[in-house]
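*Asks:* missing the sequence, but the structure's below:
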């Protein structure tokens with residue numbers, strides 16, 4: 001059990017480092033929101049609800065136990081109000097990992113309209129969307145009664161929904177089933193036509209299996225079936241692996257927990 005947890009921790013660190021070898025510019029998505037007013041269990045209505053625009057810089061800091069930490073730098077957001085924009089500035093920390101590499105936390109020190117900065121925290125929650133997408137709500141008073149909340153939906157530039165991504169952004173959008181007792185279906189999208197490959201990596205970043213040989217693909221959604229074998233058709237040991245999607249020099253990573261595997265690799 002201790003060995004498996006160590007593998008998980010190493011994999012989280014590699015995942016974060018591989019996904020962000022250097023600082024990455026993030027942009028807020030259109031559904032990001034600012035809310036100011038009453039939340040449960042209080043009954044009064046929300047006083048202010050508005051969209052929020054802007055971006056920030058995400059810079060890898062390093063592993064911290066079972067988590068990998070990032071610095072959130074140069075937060076520059078804008079809240080539209082009455083034909084004007086209220087600036088939001090600050091910095092903070094983003095963490096991803098946990099015992100099963102499926103938790104995250106966003107903590108921000110934000111100043112609204114030039115006022116005194118306040119701490120906004122999501123708490124440690126189960127991750128919904130796959131990294132590098134960040135989809136978290138942060139609150140200054142624990143999401144209770146009178147509070148200020150930011151719904152942060154952000155992607156790196158060039159990923160789905162971000163500026164410059166076109167109709168699609170490069171990324172793995174689904175892995176089913178996961179964890180898997182055998183094979184799994186990998187669904188992904190490519191923003192442009194080009195040479196695409198899918199590779200399975202172990203916790204140290206070593207190639208373990210070729211899921212999809214380098215192939216020419218058109219832009220759009222794709223689906224690949226992997227039946228669970230290693231490079232030589234042998235069974236893979238249970239553990240946490242990383243699926244690496246490549247299109248030219250761009251890449252995207254996703255987690256895969258293997259419980260047991262088959263013996264053949266095929267693509268459909």
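*Replies:* The structure has been received and is ready for your questions. As the structure is a computational prediction, the values presented were derived from the model and not from experiment. Numbers count the residues shown, from 1 in each chain.
*Asks:* mind listing the helices for this structure?
*Replies:* Assigned by DSSP state H, the chain shows helices spanning 2-19.
*Asks:* Could you list the low-pLDDT ranges of it?
*Replies:* Applying pLDDT under 70 to the chain flags residues 1-23, 158-169, 231-233, 260-268.
*Asks:* okay, now the domains of it?
*Replies:* Described in terms of automatic domain parsing, the domain architecture of the chain consists of the residue ranges 2-156, 171-258.
*Asks:* could you dump those domains to JSON lines with mean neighbour count?
*Replies:* Just so you know, the C-beta spots here come from the backbone N, C-alpha and C atoms, and that holds for glycine as well. Compiled in JSON lines, those are given as follows (neighbours: other CB atoms under 10 Å):
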{"stretch": "domain 2-156", "mean neighbour count": "17"}
{"stretch": "domain 171-258", "mean neighbour count": "17"}
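*Asks:* List the backbone torsions phi and psi for residue 183.
*Replies:* The main-chain torsion angles of residue 183 are listed as degrees, to the nearest 10 and equal phi -80, psi 170.
*Asks:* can you tell me which residues contact it?
*Replies:* Taking CB atoms under 8 Å, 6 or more residues apart in numbering as the definition of contact, the neighbours of residue 183 are 225, 226, 227, 228, 262.
*Asks:* in terms of contact, does the fourth one touch residue 185 like I think?
*Replies:* No - using CB atoms under 8 Å, residue 228 makes no contact with residue 185, being 11.8 Å away.
*Asks:* quick revisit: include distance to residue 180 when you put the contacts of residue 183 into a markdown table, please.
*Replies:* Shown next, in a markdown table, are the contacts of residue 183 (distance: CB to CB, whole Å):
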| residue | distance to residue 180 |
| --- | --- |
| 225 | 11 |
| 226 | 9 |
| 227 | 10 |
| 228 | 7 |
| 262 | 10 |
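*Asks:* Closest to residue 209 out of those?
*Replies:* Within the contacts of residue 183, proximity to residue 209 (CB to CB) peaks at residue 226, which comes in at 7.4 Å.
*Asks:* mind listing which of the contacts of residue 183 are in strands?
*Replies:* 225, 226 (DSSP state E).
*Asks:* nearest to residue 148, of the contacts of residue 183?
*Replies:* residue 226 (44.9 Å).
*Asks:* Not counting its neighbours along the chain, what's nearest the closest one?
*Replies:* If you skip the residues right next to it in sequence, residue 226 has residue 211 as its closest partner in space, 4.6 Å away by CB to CB, 6 or more residues apart in numbering.
*Asks:* got it, and residue 88?
*Replies:* That would be residue 77: by CB to CB, 6+ apart, it lies 3.8 Å from residue 88.
*Asks:* who's that neighbour bridged to?
*Replies:* In this structure, residue 77 has beta-bridge partners residue 54, residue 88, where bridges are defined by DSSP bridges.
*Asks:* quick one: terminal-to-terminal distance for stretch 123-138?
*Replies:* As for stretch 123-138, its first-to-last residue distance stands at 8 Å under the measure CA to CA, to the nearest Å.
*Asks:* Nothing else from me, thank you.
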